[in-house]
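In: give me the fold of what follows.
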Amino acid sequence: MQKSIVLALSILSCCVFQSSFAQKKIKYDKDIFPLIEAKNYDEAMPLLWSFLSDPKNAEEPNANLQVGLYYEGLVDQYHIVSDSTAILGASDTAVVYLTKAKTLITEKELKKNDEFYQAFHRRDLRTGDFGIKISDVQLDIEKKLQSLRNVNKYAKSIYADLYSINSANELSMATYKALSSQYPNINDLYLMASEELKDSLVTVIDKNTEIKEKFENVRDAVSRIGKKGYSPELEWKEISVYGEDGLSTVDFFANDVVAWNYGLWAENTHDVIKRDVFRLKSQISQTMKDIKLESNQINSGSGILNEKPITALDSSLLADIDKFDEQALSKDLLIIQLSENKFDYLTNESINERLANIDDVDYQLAVSDSVVQLIGIMEKSVATLVEPGITIGTKKYGELVNETYGGDIGLIKYRKEMEAKLTSAKSKWSNYNEQYRIRARWGVSEDGLDSLYLIPRMDTTYVPHDFSKFYSIVSMKDDSSNTYVVGLEFKGATDKGFVAKINNARKIEWKKNFALTSFKYSDSEFLVSGAFIPSQEGTIASYIFSMVPDSKNNIIAISTTPQGEMNWVNQLKISRAPVDVKFNDIVKETIFYTKTEKELENGAGDPNDPGYFVVDRSGNVR
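Out: Prediction:
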């Protein structure tokens, strides 16, 4: 712009000079041409304009030529981009005067004014003679004209394309900034993408294509002009950190351009939305439909369910949800509905017929444990259904919320219904669970006189024997949920050991005592351990061991039948508590080891202690 003003002022100054030289006779060969040869254009050009302004001189060939050459020189000096206006003006002027000069320069002119055309003096390649040929002059002028016409033609397109490129980049940058401001988290952008947002991304992609194409046009135009000083290069810089990269401006009028690749970012973002997020939302909606269908089947009263009921959410689906949304409303809604299905299934006696058996203590306890746990899971997820989570979540999962709950208002109503339902269910099932938890710990005789605590003494909740005449040492449960217990029974003057069988209803089916001959234990600490051990089929075998050092008999081994018949009881003294017990099924013998396998191999320990004893099928010890 500044150079175009200078060009206009130089033409204006020529008009001023015209009036000042009007009274003086200007001679081209003496006053003007020497200045031109000396390249003193500051003085030459005003004189030259004044000279040509005289109608008698307007057709002077060399004067027109020199004006054309002068403006051609300006074209060479100007930058094709930054001086675009000036270069167009200079090239237009140069073309006008060079075209006129080309028609005015003749053989006669060259012979008459040979000194004006020494720049065209050259050797004839055919004859070897030096001279000035009209053909050379015409050819040189035509080459200059062609070059100037290219400059004039392509300078306009270069500037227009760069202007369009800059505008396209500014639009892309503005779109990117607006999105990163509205959605600081890229995952929110993915999940909340509307059709309008996706259209904006497509526009950025199209603008990126436009930038690439027009920049190639600029490069092609520059190469056609052949003008030095401007060789545009475009380097794309990837947006790696969303919301941080891509915020700095880029000047496409510069020589070497490093530009943010908004198009690639928009393309990748559009692909994620169209491919990954669409698939994820579709899978979430379908999963909810499947779970709701199963809910209808459970609560229909028919008792007919799908062959493979949904018991857990797909792990890959949960991983994909977590990838895009750490606090996903969709995940909480799926968890609530699936947990509600499980709750309804477990508590529906028409489907879960076993629930009606109140004497199935283990099952009742397992069910109530699960139900209480499900209530806790639902409470935790329902607690998330509050603002602003509902509004934000509805924007992310509009289809799910609208189809399943009738929109965000419906979701709020659903939350209130669930809160009331869970409050009631929690009170009922927590009490029920506690009742069966207590019941599961005790075996009670048919007459109700004996209450046997089933939890071995390792349990910190064990009731001291001051409150019970039984002290359980070890227990075992069989495949039919019968519990076998071995322990001490306090009978006043003479305490006994006992083995008892308690069924799943926690009724004592039988209890057998055995003597504690010379078997000592501490009245306060008891210092007794025990274990159920492998035995032949149809028998229940166990032992108790006293850790009191001066106990004459410190181990008692017992074998009974599942019906309560005592097979044998053996009491003896061993060096220390058994480290292992094995059963030889071939000879039906039980082997108690008091030394480890390594100790037996190395002969370690007391040499008089064999390290094991054997009880045969009849109960004999050797």
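
In: which outside residues touch stretch 26-44?
Out: Contact partners of stretch 26-44, identified using C-beta atoms under 8 Å, 6 or more residues apart in numbering, comprise 47-48, 50-51, 57, 60, 62-63, 66, 70, 113, 115-116. C-beta: built from backbone N, CA, C; applies to glycine.

In: can you show me the CA trace of that stretch as CSV?
Out: In CSV, the C-alpha atoms belonging to stretch 26-44 read as follows (Å, rounded to 0.1, in the frame of the first residue of the first chain):
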residue,chain,number,x,y,z
ILE,A,26,13.7,20.1,-23.1
LYS,A,27,16.0,18.0,-25.4
TYR,A,28,15.7,14.3,-25.0
ASP,A,29,19.3,13.4,-26.2
LYS,A,30,20.9,16.1,-24.1
ASP,A,31,18.7,16.6,-21.0
ILE,A,32,17.0,13.3,-20.4
PHE,A,33,18.8,10.3,-21.9
PRO,A,34,22.1,11.0,-20.1
LEU,A,35,20.2,10.9,-16.7
ILE,A,36,18.6,7.6,-17.7
GLU,A,37,22.0,6.1,-18.6
ALA,A,38,23.3,7.3,-15.3
LYS,A,39,20.2,5.7,-13.7
ASN,A,40,19.4,9.0,-12.1
TYR,A,41,15.7,8.4,-12.2
ASP,A,42,14.7,10.9,-9.6
GLU,A,43,15.7,13.6,-12.0
ALA,A,44,15.1,11.8,-15.3
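
In: just how off-centre is that stretch within its chain?
Out: In this view, stretch 26-44 has its centroid 76 Å away from the chain centroid, taken as C-alpha atoms, centre = their mean, to the nearest Å.

In: before we move on, back to that, of the contacts of stretch 26-44, select the buried ones using a PyMOL command.
Out: The following PyMOL command selects only the buried members of the contacts of stretch 26-44, with burial defined by 16 or more other C-beta atoms under 10 Å:
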select buried, resi 47+48+50+51+60+62+63+66+70+113+116
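
In: which one of the contacts of stretch 26-44 sits closest to Ile558?
Out: If you rank the contacts of stretch 26-44 by distance to Ile558 using C-beta to C-beta, Tyr70 comes first, at 125.9 Å.

In: residues contacting that closest one?
Out: Tyr70 makes contact with Tyr41, Met45, Leu48, Ala94 under the criterion C-beta under 8 Å, 6+ apart.

In: count of neighbours near the first one?
Out: Just to be clear, that refers to Tyr41. 16 (other C-beta atoms under 10 Å).

In: distance of it relative to Ser53?
Out: Separation of Tyr41 from Ser53 (C-beta to C-beta, to the nearest Å): 17 Å.

In: residue contacts, the closest residue to Ser522 other than its chain neighbours?
Out: Once flanking residues are discounted, Ser522 sits nearest to Val548: 6.4 Å by C-beta to C-beta, 6 or more residues apart in numbering. With contacts defined as C-beta under 8 Å, 6+ apart, the neighbours of Val548 are Lys520, Tyr521, Ser522, Leu527, Asn554.

In: please redo it, this time with the cut-off set to 7 Å
Out: Lys520, Tyr521, Ser522, Leu527 (C-beta atoms under 7 Å, 6 or more residues apart in numbering).

In: who wins for most neighbours among those?
Out: Result: Tyr521 is most packed of the contacts of Val548 (other C-beta under 10 Å), 20 neighbours.

In: that one reaches Gly530, doesn't it?
Out: No: with contact defined as C-beta atoms under 7 Å, Tyr521 does not reach Gly530; the gap is 11.4 Å.

In: for the host helix or strand of Lys421, the distance to its chain's centre please.
Out: Counting by DSSP states H and E, the element that carries Lys421 is helix 408-440. The chain centroid and the centroid of helix 408-440 are separated by 35 Å under C-alpha atoms, centre = their mean.

In: repeat for stretch 96-109
Out: Taking mean C-alpha positions (C-alpha atoms, centre = their mean), stretch 96-109 and its chain are 74 Å apart.

In: what sits up against it?
Out: Here stretch 96-109 has contacts from 59, 61, 64-65, 67-68, 134, 137-138, 141-142, 144-145, using C-beta under 7 Å, 6+ apart.

In: now, which of those residues lie within helices?
Out: Pro61, Asn64, Leu65, Val67, Gly68, Ile134, Val137, Gln138, Ile141, Glu142, Lys144, Leu145 (DSSP state H).

In: how much space is there between the first one and Tyr414?
Out: Using C-beta to C-beta, Pro61 is found at 95 Å from Tyr414.

In: please indicate which of the ones in helices among the contacts of stretch 96-109 are buried?
Out: Buried, going by 16+ other C-beta under 10 Å: Pro61, Asn64, Leu65, Val67, Gly68, Ile134, Val137, Ile141, Lys144, Leu145, out of the ones in helices among the contacts of stretch 96-109.

In: all helices of the stretch 201-350 of the chain, in order?
Out: 262-271, 278-298, 315-324, 329-346 (DSSP state H, counting those that start in this stretch).

In: ok so, going back, need the worst-confidence member of the ones in helices among the contacts of stretch 96-109.
Out: Across the ones in helices among the contacts of stretch 96-109, the bottom pLDDT score, 87, is held by Lys144.

In: show the pLDDT at the nearest residue to Glu59 once chain neighbours are set aside.
Out: Computed as C-beta to C-beta, 6+ apart, the closest residue to Glu59 that is not its neighbour in sequence is Leu104, at 6.1 Å. The model reports Leu104 with a pLDDT of 93.

In: any idea which helix or strand comes after the lowest-mean-pLDDT helix or strand in the chain?
Out: Here the helix or strand of the chain ranked lowest by mean pLDDT, DSSP states H and E is helix 2-20, holding a mean of 46. Downstream of helix 2-20, the first helix or strand assigned by DSSP H and E is helix 33-37.

In: A helix includes Ser370, no?
Out: Yes: counting by DSSP: H, G, I helix; E, B strand; the rest coil, Ser370 is part of a helix.
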